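Q: Sequence and predicted structure are below.
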Amino acid sequence: MGEGLDRSARTYVAGHRGLVGGAVFRHLQSDGFTDVVGRTSKELDLRDRAAVDAFFDEQRPAYVVLAAAKVGGILANDTYPADFLSDNVRIQVNVLDAAARTGVQKVLFLGSSCIYPKFAPQPIREDSLLTGVLEPTNDAYAIAKIAGVLQVQALRRQHGLPYVSAMPTNLYGPGDNFDLKGSHVLPALIRKVHEAKLRGDREYVVWGTGTPRREFLHVEDLARATVALLERYDDPAPINVGVGEDVTIRELAETVADVVGFDGEIVFDTSKPDGTPRKLLDVSRIHALGWKAEIALRDGIASTYQWFLEHHADARGL
Ligand SMILES: NC(=O)C1=CN([C@@H]2O[C@H](COP(=O)(O)OP(=O)(O)OC[C@H]3O[C@@H](n4cnc5c(N)ncnc54)[C@H](OP(=O)(O)O)[C@@H]3O)[C@@H](O)[C@H]2O)C=CC1
Ligand SMILES: C[C@H]1O[C@H](OP(=O)(O)OP(=O)(O)OC[C@H]2O[C@@H](n3cnc4c(=O)[nH]c(N)nc43)[C@H](O)[C@@H]2O)[C@@H](O)[C@@H](O)C1=O
């Protein structure tokens, strides 16, 4: 994959220390890209327009993967909507404007499956965008991401730039955020079950009713998809990146408990929100490009749990 890209050209991965950006950065390097650059948010705050302009003037990347964003799970999105909207709009506008101005050849903008209407027909096709109301727990974040999709389309229309947007489903893997207040469900459950097991608890608490369905894609599969998309995708419509299968939160909770080796009970805290009932992506367009998810959910959970044990020093001895 990626035969048509110039692997010696400078490629900037915005957000290269994050879950997605980290996987993309490693994948580009192992795939033969020789000039991959990244900046931490301390080195370059992408909300700062002047700093972003100066960075692009100096570095002149040929390709950009925009994986920097303010990101969080259902509770963080519901608690800090103003930050999610403001930070993400600023990051996107600054990076996309600077890319267009300095002649970046290709940009891949990453949105999220939450841009689609709450009650979109399942599996969700790309043309469901803007056909219905959004899920309230993450509408501010979704509106910011929709603005990014529209900006990519506008740059194509007004300036003829071949920039594209991809909408991944819920992601997980090495480098995930395991902070219980800010994280997504999968890393949260790994941590909760692990801690319950160490304490010898008889139960562990899962938010909501356990009935919502979610689809989980390993970030290494997503990283492969980004190169395929940079190479082969050139269309104004966002393209879905998912597995094509989903599970209930209860099923996920049971699988995590099984992988970690915890046989206590699962208790549901229904004071916490469920969010969208279901958001399974239709992945026929990306399958037609020759990409398919490869990492099975149970295997991915097992390797992510291993990563958690190795990288969170406090994980062993609670
Ligand atoms: N995680 C998921 O389930 C999903 C994620 N996505 C999308 O993938 C992308 C990446 O998400 P993910 O990797 O999970 O998120 P992470 O929180 O793991 O990483 C985000 C990265 O963005 C960087 N960043 C945040 N704010 C700024 C800023 N102001 N200036 C510069 N850099 C900044 C951070 O840099 P630093 O570490 O240096 O502070 C961080 O490394 C996002 O666009 C998100 O919408 C889409 C679908 C699902
Ligand atoms: C990627 C996506 O991520 C977010 O949307 P979400 O899919 O609703 O996010 P989530 O992973 O946090 O929850 C999924 C489901 O799981 C349940 N759940 C159970 N127990 C825990 C738990 O302990 N933590 C969390 N976070 N959720 C839990 C939770 O109640 C919900 O029913 C948005 O930020 C959105 O903007 C976005 O793009």
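A: Done, it's in. Ligands and ions are numbered 1, 2, ... in the order given.

Q: List the contacts of residue 208.
A: Neighbour list for residue 208: 249, 268-270, 272-275 [criterion: CB atoms under 8 Å, 6 or more residues apart in numbering]. All C-beta spots, glycine's among them, are computed from the backbone N, C-alpha and C.

Q: Need the phi and psi values for the residue of the stretch 51-200 of the chain found nearest ligand 2.
A: For the stretch 51-200 of the chain and ligand 2, the shortest gap (CB to the nearest ligand atom) falls at residue 73, measuring 2.8 Å. Main-chain dihedrals, residue 73, degrees, to the nearest 10: phi -80, psi -170.

Q: Could you measure from it over to residue 149?
A: For residue 73, the distance to residue 149 equals 22 Å [CB to CB, to the nearest Å].

Q: for residue 27, same thing?
A: Relative to residue 149, residue 27 is positioned 23 Å away (CB to CB).

Q: number of nearby residues for the residue nearest to residue 110 when sequence neighbours are not counted?
A: Leaving aside its sequence neighbours, residue 110 sits nearest to residue 67 (CB to CB, 6 or more residues apart in numbering; 5.3 Å). When counting by other CB atoms under 10 Å, one arrives at 28 neighbours for residue 67.

Q: Residue 67: what's it in contact with?
A: Here residue 67 is in contact with 13-16, 18, 20-21, 24, 110 (criterion: CB under 8 Å, 6+ apart).

Q: okay, among those residues, which ones form the most distant pair?
A: Pairwise distances across the contacts of residue 67 peak at 12.8 Å for 16 and 110 (criterion: CB to CB).

Q: which of the two has more neighbours?
A: Per other CB under 10 Å, whichever of residue 16 and residue 110 has more neighbours is residue 110, with 28 against 22.

Q: quick one, phi psi at that one?
A: Dihedral angles (degrees, to the nearest 10) for residue 110: phi -100, psi 120.

Q: Could you list the contact residues of the stretch 1-150 of the chain toward ligand 2?
A: The stretch 1-150 of the chain comes close to ligand 2 at residues 72-75, 77, 112, 114, 138, 141, as judged by CB under 6 Å from any ligand atom.

Q: Next step: these restricted to helices.
A: Those of these mapping onto helices are 74-75, 77, 141, per DSSP state H.

Q: Who wins on neighbours among the residues you listed?
A: In these, the most neighbours by other CB under 10 Å go to residue 141, 29 neighbours.

Q: ok, and the closest non-adjacent residue to that residue?
A: Nearest residue to residue 141, sequence neighbours excluded (CB to CB, 6+ apart): residue 84, at 4.2 Å.

Q: Against residue 75, how distant is that neighbour?
A: 12 Å.

Q: same check, this time on residue 307
A: Here residue 307 is placed at a distance of 23 Å from residue 75 (CB to CB).

Q: Any idea how far the helix or strand containing residue 267 is from the middle of the chain?
A: Taking DSSP states H and E as the definition, residue 267 sits inside strand 265-269. Averaging C-alpha coordinates over strand 265-269 and over its chain gives two centres that are 27 Å apart (CA atoms, centre = their mean, to the nearest Å).

Q: now swap in stretch 279-289 and tell me
A: How far stretch 279-289 lies from its chain's middle: 16 Å, per CA atoms, centre = their mean.
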